[in-house]
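In: what shape does this take:
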Amino acid sequence: MYMKKNLTIIIATAVIAAVIAGLFFFFRFSAKENNAPLAYTTFTTDEGFAVEYPNWQKLNITNPEEGMPADLTAKENLKILIYATNGAAVVQISERTFDPKKSFKDIIEGMIKNQRESVKNLIIWRNDIGASSALLETKSILNGIKMHTISKAFYVGNGKVYSVAFISADESYNFFKPIAEHIIYSAKVWR
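Out: As a prediction, this is how the structure comes out:
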């Protein structure tokens, strides 16, 4: 009886040790997989605009109204070039065309005015407009969810503006902030 009890304790201890070791290796392997650096792809145009975006699922958004209010897309002659998502955040790369006689500053101010008219509860808390690029950070409410958007736009001439936007729920923005900053600060016009 004593020997049987000791054998049971030894077997139970070995099983527990094996399970703990298995869990350790499983979680260690999973943690390495989850901590793998995020892979990026570079999007470029013939006009020299380039931006890196994560290798997330790309949705084929051929109708811009699926990603933005219809009146806004019409006013800005918007084309969505890339719409990538991981299910919790979105990267949108767009092209807009405007009257080539307008200055970049007037174009951006018009875009902000259009957004204020189309997007309810829009709060713009960062708005840096330069000679040929602009950085905009906003918060808004979409379907009852507070959203956080950071975007950068570049004027490439002839009334054409390329932009990249990173959009997530405001409550999860800090989690995504390193990715958002990588995307926004990778954007440039190199010609």
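
In: what about W190, neighbour count?
Out: 8 (other Cβ atoms under 10 Å). (Glycine included, C-beta is placed from N, CA and C.)

In: the closest residue to it other than its chain neighbours and I112: what is the separation?
Out: Spatial nearest neighbour of W190, chain neighbours left out: G48 (5.0 Å); criterion: Cβ to Cβ, 6 or more residues apart in numbering. G48 sits 25 Å away from I112, going by Cβ to Cβ, to the nearest Å.

In: strands of the protein, residue ranges please.
Out: Ranges of strands in the chain, per DSSP state E, are 40-44, 49-54, 57-58, 79-85, 89-97, 123-129, 133-142, 145-157, 160-169, 188-189.

In: of the ones you listed, flag the one that's most buried.
Out: Of those, the one with the most neighbours on average (mean count of other Cβ atoms under 10 Å) is strand 160-169, at a mean of 22.

In: return the distance of that one from the chain's centre.
Out: Relative to its chain's centre, strand 160-169 lies at 8 Å (Cα atoms, centre = their mean, to the nearest Å).

In: quick one: list the elements packing against it.
Out: Helices and strands touching strand 160-169, by 3 or more Cβ pairs under 8 Å, 6 or more residues apart in numbering; DSSP states H and E, are strand 49-54, strand 89-97, strand 145-157, helix 173-186.

In: picking that back up, OK, contacts around the residue nearest to W190?
Out: When contacts are counted by Cβ atoms under 8 Å, 6 or more residues apart in numbering, G48 touches 156, 189-191.

In: rank those residues by pLDDT and give me only the lowest.
Out: Least confident by pLDDT among the contacts of G48: that is R191, with 75.

In: what about the protein, any weak spots by pLDDT?
Out: Residues of the chain meeting the criterion pLDDT under 70: 1-35, 62-75.
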